[in-house]
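Chemist: Model the structure of this input:
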Amino acid sequence: MTLTVSLVQHASGLDPAANRLLLDELTPRDADLVVFPEAFARDFGPAGSDVSEAAEPVTGPFASEVARVAADRGCTVLAGMFESSEDPGRPWNTLVLRGAVEADYRKVHLYDSFGYKESERLSAGPIDAVTAPLGGFTLGLMTCYDLRFPEQARALVDAGADVLVAPSAWVAGERKVDHWRTLVRARAIENTTYVVAVGQPGPRYTGHSMVVDPLGDILVEAGDGPEIIATTLDPEALVRARRTNPSLANRRR
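Modeler: As a prediction, this is how the structure comes out:
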């Protein structure tokens with residue numbers, strides 16, 4: 001059974017109500033899985049902004065609208081939000097998956113890099129591999145900066161993931177597109193998995209949402225502007241890739 005995936009490369013704004021409307025407006029009707037970027041419920045805002053005012057529970061308005069849209073389209077939708085945590089001033093950066101399957105993933109690695117200090121405004125999630133079965137595949141959930149930590153991708157694969165899904169808001173800058181494309185392909189190649197990586201568009205972010213197959217070939221890639229792209233994942237491609245490159249089986253532990 002194949003899985004049709006749509007990647008919605010669209011910017012979120014600072015008005016949560018407007019962003020919820022975009023979920024309905026932008027979710028296509030011909031996909032099994034629709035993936036929105038990180039922080040789609042409300043953008044991060046200017047560097048150093050307090051995002052705690054945008055935090056809500058995973059039973060709140062944003063996640064409920066994700067679930068409603070998924071039910072209306074007959075698909076599964078993944079999108080990013082800020083979730084209320086035990087620390088009122090530092091919410092979690094959370095992905096909510098709703099539709100044929102439900103899961104919540106709280107970003108583990110906070111973006112204390114390239115001049116940013118995300119840990120001052122957000123709480124890190126638990127170091128757990130969050131996976132979800134969908135259409136004969138197993139999704140493994142990651143967020144943005146997590147891509148720079150190969151051990152997290154491998155932990156997801158060890159937990160059964162064969163599709164790594166990474167909603168992102170990859171900040172633009174020198175070398176950043178090259179890093180993005182290199183890391184997304186590397187996570188696919190080293191794990192012989194599909195990688196579905198969705199980013200917010202320029203000019204603030206890099207765009208270049210893409211799907212990479214288990215041998216590292218880019219199946220589809222957006223530019224740097226708003227765009228919706230789609231492709232189909234084939235389980236036979238996983239079988240062929242792991243027969244050609246049995247690196248997971250060859251590991252010594």
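Chemist: okay, CA-based contacts and neighbour counts for the rest of this
Modeler: Noted.
Chemist: ok, and for stretch 1-13, which residues are buried?
Modeler: 3-13 (16 or more other Cα atoms under 10 Å).
Chemist: after the helix or strand harbouring Leu183, next one along is what?
Modeler: Element membership of Leu183, judged by DSSP states H and E, is helix 176-191. Tracing the chain C-terminally past helix 176-191 and defining elements by DSSP H and E, one meets strand 194-199 next.
Chemist: what sits against Asp112?
Modeler: Contacts of Asp112 were listed using Cα atoms under 8 Å, 6 or more residues apart in numbering, and they are 118-119.
Chemist: And what about it, helix, strand or coil?
Modeler: State at Asp112, reduced to three classes by DSSP: H, G, I helix; E, B strand; the rest coil: coil.
Chemist: ok, it to Leu147 distance?
Modeler: Counting by Cα to Cα, to the nearest Å, the gap from Asp112 to Leu147 is 14 Å.
Chemist: Next, the residue lying closest to Asp224 once chain neighbours are set aside: phi, psi?
Modeler: Taking Cα to Cα, 6 or more residues apart in numbering, and ignoring the residues beside it in sequence, Asp224 has Gly207 as its nearest neighbour in space, at 4.3 Å. Phi and psi for Gly207, reported as degrees, to the nearest 10, are phi 70, psi -140.
Chemist: and Gly207, how many neighbours?
Modeler: Gly207 is flanked by 31 other residues according to other Cα atoms under 10 Å.
Chemist: That one reaches Ile228, doesn't it?
Modeler: No. Using Cα atoms under 8 Å, Gly207 is not in contact with Ile228, being 11.1 Å away.
Chemist: Identify the contacts common to the two.
Modeler: Taking Cα under 8 Å, 6+ apart as the criterion, Gly207 and Ile228 both touch 9, 222.
Chemist: Helices of the stretch 151-253 of the chain, residue ranges please.
Modeler: In chain order, the stretch 151-253 of the chain shows helices spanning 176-191, 235-244, with DSSP state H, counting those that start in this stretch as the criterion.
Chemist: Tell me which stretches of the chain form strands.
Modeler: For the chain, applying DSSP state E gives strands covering 3-9, 33-35, 76-83, 92-98, 103-106, 131-134, 137-141, 163-168, 194-199, 210-212, 218-221, 227-233.
Chemist: Many thanks, we can stop here.
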